[in-house]
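Student: generate coordinates for the sequence data below:
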Amino acid sequence: MPDVTSPLAAGAIGRAGARLLSNRRLVRPPIWLYRARLGFLFGSRMLLLEHVGRKTGARRYVVLEVVGHPMPGTYVVASGFGDRAQWYRNVVVEPRVRVASGARALSPATARRLSVGEADAVLAVYVSKHRRAWNRFKSILKNTLGTAISEDDTEMPMVELRLDGAGS
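Tutor: You can find the predicted model right below:
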């Protein structure tokens, strides 16, 4: 495995990772698995988000990594492409979504953008739990966001997805 602490290796990994995440042929199959009720294969670190297209009104799907799970029925996801991500732009306009995670089928939820302070707190917990994954993924985020990513005052938008009825 390459030494991701080397700036040259980190840059190459970051560019390659960003290209992979932009490739529709590679990001669609996980959606098909969730829709076939096989989401449990991804465990609790991934989820399927069903959202509504802000212009078309059509249902859209994306599989995202869960970066935080602060309480039962609540998930936090990050927009690795910043505010340019279509799913992110859609949930800002229409926060009523549906979420499937693990063996849980699609369930109604509400999306809420986190403040920078809330995002920093979620990121701090994620980094402490998954330091090696963060060290590898950080260079990919730099390439997808187009800016250096830090653990304080993060410019990476994060969204809380709260299942309807959770925390009531």
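Student: all contacts plus neighbour counts: C-alpha atoms, from now on.
Tutor: Will do.
Student: just the helices in this structure please.
Tutor: 7-21, 24-27, 29-35, 86-93, 116-129, 131-145 (DSSP state H).
Student: neighbours around Ser79, how many?
Tutor: Look at Ser79: counted by other Cα atoms under 10 Å, it has 22 neighbours.
Student: you'd agree it is up against Arg89?
Tutor: No. Using Cα atoms under 8 Å, Ser79 is not in contact with Arg89; the gap is 9.9 Å.
Student: then the strand ranked longest in the chain to CSV, C-alphas only?
Tutor: Assignment by DSSP state E gives strand 59-71 as the longest strand of the chain. Taking Å, rounded to 0.1, in the frame of the first residue of the first chain, the C-alpha atoms of strand 59-71 are listed here in CSV:
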residue,chain,number,x,y,z
ARG,A,59,-37.1,10.3,-7.6
ARG,A,60,-33.3,10.2,-7.4
TYR,A,61,-31.0,7.8,-5.5
VAL,A,62,-27.5,8.0,-4.1
VAL,A,63,-25.5,5.8,-1.8
LEU,A,64,-23.5,7.8,0.8
GLU,A,65,-21.1,7.0,3.6
VAL,A,66,-22.5,7.6,7.1
VAL,A,67,-20.1,9.9,8.9
GLY,A,68,-22.1,10.1,12.1
HIS,A,69,-24.9,8.3,13.9
PRO,A,70,-25.5,10.6,16.9
MET,A,71,-28.7,8.8,18.0
